[in-house]
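K.L.:
Please find the sequence and the predicted model below.
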Amino acid sequence: MDTASVNRLVLDWYAANARDLPWRRPPYLGDAYAVLVSEVMLQQTQVDRTVPKFLDFMARFPSVHALAEAPPGDVIALWSGMGYNNRAVRLQRLAEVVVADHAGEIPRDVDTLLTLPGIGPYTASAVACFAYGASVPVVDTNIYRVLSRLVHGVQAPSRAEVEPLATEFLPATEASSWHQALMDIGATICTVQTPRCMLCPVRETCAAAPALQDGTNRKLAEASVPYAPKQAKFAGSSRYYRGRIVEALRQAPPGGLPLAGVDALFSEPPAGGLPQIIDSLVRDGLAICECDTLRLP
Ligand code: SF4
C-alpha cells in the first residue's frame, strides 16, 4: 500500500472536515498545558462530555501554576461527571511536579513526559505530537481500528501485527494533523459497529471496505476491531462505591461527611467492606479522614 497517498487523502479530508474542538483552536491551540488537560480528560471520557468540562477547567485553572497552587479538593470538585476521579488528583500533582522540577514548562520529549504522575505512553506521545509537533506515533483505539481495517481488512490482527502500522504510516510532516484526522475518522466514520465507508477518504484502498461498505454487518464490523478492551462491570464494583462517595463529598458541607453518613449512602455495603473503600480513597489522595469525618483534601 502506498502510505504517502494514504497520508495525503487523510490530511486533505481533515483540512475540510476536522471536528471543531476547543483545544484545536485559539487560545488553546498549541498550548502544551491545554493539550495535556484535554488528553488526560479524553483518556476515559467521551468527547461530548469532555468539551464543557475542559472549558470550565481552563477557566478555573488557566495555567499550570494555577493548577499547582489549587487545593486538590477544588480540582476533584470540578471533575464531577467525568468519572475516574484519580485523574483529577494526578493532574494536580503533575502540575506541582512541572512547577517544582521543570520551571513550569510542560516537558517536550516523550521520555520526560512519561516521568510525570498519571502520564502513560499514549498521553506522553499525544502531548509531544499535538503540543510540540514531534513526529512520533500516537495510537489510541480509534487509530488502531482505522489502520487495522485499512491494511488487514476484517480479519482482526494481533497486537504485534497492528502496532507497527502506526510507525509505517507516520508521515514525515504534519504528524499532529495526521493523528487527529485518524481519530476523527475513527470517531465519526470508521465506527466499531457501523463504519460508513462511503464517506471515508481511504475507501478506495481500504482492505475492509468491500465487506463493510454497506454498513449492515455489525457483527463482522465488531469482529474486525483489534483487541477491543472489555469494559469491567461498573455497578457493585469498587469504582462504583468510590465514585458515589466522592460525589457525596462534593455535595457535602466544607467540613465533610461523618463516616456514619457515608455508611448511609448505601443500602448494600461493598463485598470487602466500606472501610477498605474509604482507605483506598485516602491512599489515592481523593479524601481525608479525621475525627470520624471524611472530606475532600
Ligand atoms: S473504508 Fe470503511 S472500513 Fe475502511 S477505514 Fe474507511 S470507514 Fe473504515
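P.N.:
Now that the structure is in, tell me what you want to look at. Values in this document were obtained by computation on a predicted structure and should not be read as measured data. Numbers count the residues shown, from 1 in each chain.
K.L.:
CA atoms for contacts and neighbours, from now on please.
P.N.:
Noted.
K.L.:
Show the contacting residues for the residue lying closest to residue 43 once chain neighbours are set aside.
P.N.:
Spatial nearest neighbour of residue 43, excluding adjacent residues (Cα to Cα, 6 or more residues apart in numbering): residue 123 at 8.0 Å. Contacts for residue 123 (Cα atoms under 8 Å, 6 or more residues apart in numbering) come out as 36, 39-40, 43.
K.L.:
which one of those sits closest to the ligand?
P.N.:
Among the contacts of residue 123, residue 43 lies closest to the ligand (Cα to the nearest ligand atom), at 22.1 Å.
K.L.:
mind checking the SS state of residue 277?
P.N.:
Under DSSP: H, G, I helix; E, B strand; the rest coil, the three-state class of residue 277 is helix.
K.L.:
now swap in residue 294 and tell me
P.N.:
Look at residue 294: counting by three-state DSSP, its state is strand.
K.L.:
Okay, and the beta partners of it?
P.N.:
Bridge pairing for residue 294 (DSSP bridges) gives the partners residue 257, residue 289.
K.L.:
and the most centrally placed residue in the chain, what pLDDT?
P.N.:
For the chain, the residue nearest the mean C-alpha position is residue 43 (1.3 Å; Cα atoms, centre = their mean). Listed pLDDT for residue 43 reads 88.
K.L.:
One more: the one 4 residues further on?
P.N.:
The model reports residue 47 with a pLDDT of 95.
K.L.:
quick one: residue 182 and residue 255, what's the gap?
P.N.:
47 Å (Cα to Cα, to the nearest Å).
K.L.:
Please apply the same query to residue 167.
P.N.:
Counting by Cα to Cα, the gap from residue 167 to residue 255 is 52 Å.
K.L.:
Next: residue 267.
P.N.:
In terms of Cα to Cα, residue 267 sits 24 Å off from residue 255.
K.L.:
who has more neighbours, these two?
P.N.:
residue 255 (11 against 7; other Cα atoms under 10 Å).
K.L.:
remind me which residues of the stretch 101-250 of the chain are low pLDDT?
P.N.:
227-232 (pLDDT under 70).
K.L.:
Near the ligand, which residues of this protein are found?
P.N.:
By Cα under 6 Å from any ligand atom, the part of the chain that sits against the ligand consists of 146, 149-150, 189-190, 195-197, 200, 202-203, 206, 208-209, 212-213.
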